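S.K.: can you look at this prediction? I've put the sequence above it.
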Amino acid sequence: STSSIQEQTPQINSIDAIATRIKNGDIKRIVVIAGAGISTSAGYPDFRSPKTGIYDKTAALKTLPYREAIFDVRYFKHTPEPFFAVLRGLMQMNFKPTVTHAFLSLLHRMEVLEMVFTQNIDGLERAAGVPDEKVVAAHGQFGSQRCMICKISWPSDRFERVVKSGQVPRCDDAFCNGLIKPDTVMFGEPLSQNFATSTKLLDSADLILVMGTSLKVHPVAALPSQVPKGVPRVLLNREKAGDLGSRREDILLLGDCDEGVRSIADALGLRDELENLWRAV
Ligand code: APR
């Protein structure tokens with residue numbers, strides 16, 4: 001269990017020690033690795049939590065050969081309906097950034113945010129005020145879409161109208177008739193170029209925050225282990241993930257990430273700033 005891990009690797013770090021080093025300028029390049037768990041308190045389902053995760057909810061779709069097929073481009077090409085059914089559900093809801101997203105914006109305002117690698121496609125980091133150049137959307141984003149064959153892009157309002165009406169959006173060019181797909185990265189598709197170039201930032205980070213992810217999908221899952229030894233890695237997650245906890249300098253804040261970021265803000269003496277930022281988004 002986690003407690004035995006902690007006994008084996010006595011923590012040489014604490015949130016207070018980390019906060020002191022941020023305040024005295026010793027830590028000024030923080031890299032964040034985020035997943036669906038930072039958006040669940042906004043009502044956005046994650047993927048693998050039992051019962052509430054998207055994969056459990058869509059398991060009822062008997063047609064899926066395996067649960068992640070719903071986001072696999074090879075399955076999508078011949079059976080796009082399940083993907084658009086999930087998308088239609090998400091389109092009905094509008095999401096507000098969580099206090100965890102607001103915390104990322106706070107780090108940016110403190111000029112200590114080097115980069116956020118997010119696996120999420122909800123765009124809530126930007127909505128919370130994190131500038132584009134500080135977000136690497138490893139799995140793409142909703143908000144733009146194009147024909148998979150001729151690459152012509154579709155306006156979002158038309159795409160939303162067609163998906164919400166229950167149809168499968170297809171290219172207007174009858175000779176093409178390609179599927180219109182959001183610019184999200186499905187299983188079987190390459191990640192964006194800027195992901196590959198940005199991972200170098202891990203080599204010069206002073207602190208890594210891993211939040212709301214099960215670290216099950218590569219290549220993002222491998223990022224924390226690429227961090228040089230000695231650089232503190234903090235996990236803010238309901239459960240252990242990846243190799244977090246295996247290094248003496250790791251800190252495990254197991255529980256809701258919204259509570260985890262609040263405890264860091266308290267240690268920084270910036271709890272009111274955080275809550276005010278969150279209220280303002
Ligand atoms: N606070 C802290 N942890 C949370 C919270 C929360 N409020 N809600 C969920 N979690 C944890 C879950 O316990 C789980 O460990 O967040 C993690 C979410 O894991 P996943 O559902 O696997 O989501 P993620 O890691 O982002 O999945 C990665 O898989 O299907 C693909 O492309 C998809 O980007 C996604 C990728």
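M.R.: Yep, that arrived.
S.K.: in which helix or strand does Leu223 reside?
M.R.: Assigned by DSSP states H and E, Leu223 falls within helix 223-226.
S.K.: mind listing the strands in this structure by residue range?
M.R.: Applying DSSP state E to the chain gives strands spanning 30-34, 113-118, 135-137, 140-147, 153-154, 180-184, 207-211, 233-237, 251-254.
S.K.: same list (those strands) but as a markdown table, adding mean neighbour count.
M.R.: Quick note: C-beta positions are derived from backbone N, CA and C, even for glycine. As requested, those are arranged in a markdown table below (neighbours: other Cβ atoms under 10 Å):
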| stretch | mean neighbour count |
| --- | --- |
| strand 30-34 | 26 |
| strand 113-118 | 24 |
| strand 135-137 | 24 |
| strand 140-147 | 18 |
| strand 153-154 | 16 |
| strand 180-184 | 20 |
| strand 207-211 | 26 |
| strand 233-237 | 26 |
| strand 251-254 | 20 |
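S.K.: quick check, Leu236 in contact with Thr213.
M.R.: No. Leu236 is beyond contact range of Thr213, at 9.8 Å (criterion: Cβ atoms under 8 Å).
S.K.: mind checking how far Thr58 is from Pro82?
M.R.: Computed as Cβ to Cβ, to the nearest Å, the Thr58 to Pro82 distance reads 6 Å.
S.K.: which residues do those two both contact?
M.R.: Common neighbours of Thr58 and Pro82, using Cβ atoms under 8 Å, 6 or more residues apart in numbering, are Leu64, Ile70.
S.K.: the two: which has the busier surroundings?
M.R.: Between Thr58 and Pro82, counted using other Cβ atoms under 10 Å, Thr58 has the larger neighbour count: 21 against 17.
S.K.: report the separation between the more buried one and Phe84.
M.R.: Separation of Thr58 from Phe84 (Cβ to Cβ): 12 Å.
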